[in-house]
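K.L.:
Sequence first, predicted model second:
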Amino acid sequence: MSFQTTGEPVQDVPKLGRIQAIDILRGIALIAMASYHFTWDLENFGYTAPGLTAFGWWKFYARCIASTFLFLVGVSLFLAHGRKIRWPGFWKRFAMVAVAAAAISAVTYFVTPDGFIFFGILHEIALASLLGLAFLRLPVLLTAIVAAAVIAAPYYLRSEFFEHPALWWVGLSAANPRSNDYVPLFPWFGPVLLGIAAVKLASASGLLARLRAWIPGRWSNPLTFIGRHSLAFYLIHQPLLFGSVWLFSQVMPAAPQDREAAFLPACQAQCEQQRDSKFCSSYCGCMLDTLKGEGSLDKLYGNDQSSTWKSHLEDLAGTCTAATEDETEGGQQQ
C-alpha cells in the first residue's frame, strides 16, 4: 500500500490537488486486504478449512492485493517527488513507515514467534520508496525492463548464498523462510517500478491531467477517506478484526476439526512457504504417517512448548525432509 501523499505536480501537469482516483483505488485495495485478513482470522480460529488462505484463489487474491499496494507506492512516489525530491517530506513519511514496520516485527515476534513478520509489506514499502528515488528520472522503457528483471529474478537467481537470515530480505534464498507476511525485495520491488513507469506514461499522454480533473460522486467518500489514511487503516484494522473473531470464539467456538484431516492442508500451507508443492505433499504425508505411527498426533495439537518436544519435532522434520529429497531425486533419475 502506498503511504506517500501526492504532492507537487510533475512535468506539465497543473497543481490541482490530490488525484481522487488514486485514493479510491487505494481504498478499494485496503478493503480487499481487510477481507483477506478477516478470512485468515476465521481460519486461525477454526471456522474455515485449515490452509484455506494459502492456496488457489485466496493465494492469488493476496498477491493481487500486495501488487496493487506496491504499484501505488511507485505512482505516489513519482507524483510527490518526480520533479524534485522534497527531502523533508520524504524522510518524514519514510520514518513513519519504517517505525510502523519495526513495531509490526516486535509485536508479531512475541505473539507468533514461529512466523513473525521480519520483512513484510511495510518493510518492503520503506525500502522500495528509498530505492525507487533512483528511477524517478530514468526513461520509462528502462524502468519497465528493470521491473521485469526484478520480478523474474526469483525464478533464476536463487542461491544458497542468500540462506543467511541477514539476507532473507533480498528474497533469493533457495527456500523461503517462515513468516506470516513475507514481502522481500525480489520480486516485490517490481510492481513499484511498474507504478513509476505507468505514471510517467500517464503524465506524458495527458491521462494524469484528466484524472486530476475527475470529481467522483459522494459514493467515493468512504474509499477516499480510507485511501488518504492508509497507514492508520493498516495498523488498526487487523487488531480489530482479530480481536472481534477472538471474542466471538469465546461465545460460539468453532466445531472441533478432525486432526488427521486438518493436519495435511495446514502442513502443506506452511511447507509451501519454503518448498514446491510436490515436495510438500510427500513431506507432509511422511510427517502425518510418522506422528500417527508413534501416537503423538494428539500431542502436536496440545500446544506442548517444552524443548524436548520441539527438539523431537525438528528431528522428525529432518528425517522426513531427507526421505522426501531422496524420493524426489530418485524419481528424477528414473
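P.N.:
Received it, and whenever you're ready, just let me know what you need. Numbers count the residues shown, from 1 in each chain.
K.L.:
So which residues make contact with stretch 130-144?
P.N.:
Residues outside stretch 130-144 that contact it (Cβ atoms under 8 Å, 6 or more residues apart in numbering) are 73-74, 77-78, 81-82, 85, 90, 94, 146, 189, 192-194, 196-197, 200-201, 204. In short, each C-beta sits where N, CA and C put it, glycine included.
K.L.:
And those residues, which of them are buried?
P.N.:
Neighbour-count burial (16 or more other Cβ atoms under 10 Å) applied to the contacts of stretch 130-144 gives 73-74, 77-78, 81-82, 90, 94, 146, 189, 192-194, 196-197, 200.
K.L.:
Narrow these to those in helices?
P.N.:
Per DSSP state H, helices hold the following members of the buried ones among the contacts of stretch 130-144: 73-74, 77-78, 81, 90, 94, 146, 189, 192-194, 196-197, 200.
K.L.:
show me where pLDDT drops low in this structure?
P.N.:
Within the chain, the stretches with pLDDT under 70 are 1-17, 302-305, 328-334.
K.L.:
Which of the buried ones among the contacts of stretch 130-144 sits closest to Ala254?
P.N.:
Ala254 lies nearest to Val73 out of these, by Cβ to Cβ, at 36.7 Å.
K.L.:
how far does the host helix or strand of Lys292 sit from the chain's center?
P.N.:
Using DSSP states H and E, Lys292 maps to helix 277-293. Centre-to-centre, helix 277-293 and its host chain are 27 Å apart (Cα atoms, centre = their mean, to the nearest Å).
K.L.:
same deal with stretch 89-102?
P.N.:
Here stretch 89-102 is found 18 Å from its chain centre; the criterion is Cα atoms, centre = their mean.
K.L.:
Identify each buried residue in that stretch, please.
P.N.:
90, 93-94, 97-98, 100-101.
K.L.:
and if you look at stretch 165-173?
P.N.:
So for stretch 165-173, counting by 16+ other Cβ under 10 Å, buried means 168-173.
K.L.:
That stretch: end-to-end distance?
P.N.:
Start-to-end span of stretch 165-173 (Cα to Cα, to the nearest Å) is 9 Å.
K.L.:
Buried residues of stretch 265-282, list them for me.
P.N.:
Quick answer for stretch 265-282 (16+ other Cβ under 10 Å): 265-273, 275, 279-282.
K.L.:
and if you look at stretch 39-52?
P.N.:
Neighbour counts over stretch 39-52 (16+ other Cβ under 10 Å) mark 39-44, 47-48, 50-52 as buried.
K.L.:
from those, which single one is nearest Glu160?
P.N.:
For these, the nearest to Glu160 is Gly51 (27.9 Å; Cβ to Cβ).
K.L.:
next one: phi and psi at the closest one?
P.N.:
phi 80, psi 10 (degrees, to the nearest 10).
K.L.:
so how far is Trp91 from it?
P.N.:
According to Cβ to Cβ, to the nearest Å, Gly51 stands 41 Å off from Trp91.
K.L.:
Could you find the closest non-adjacent residue to Ser277?
P.N.:
Gln268 (7.7 Å; Cβ to Cβ, 6 or more residues apart in numbering).
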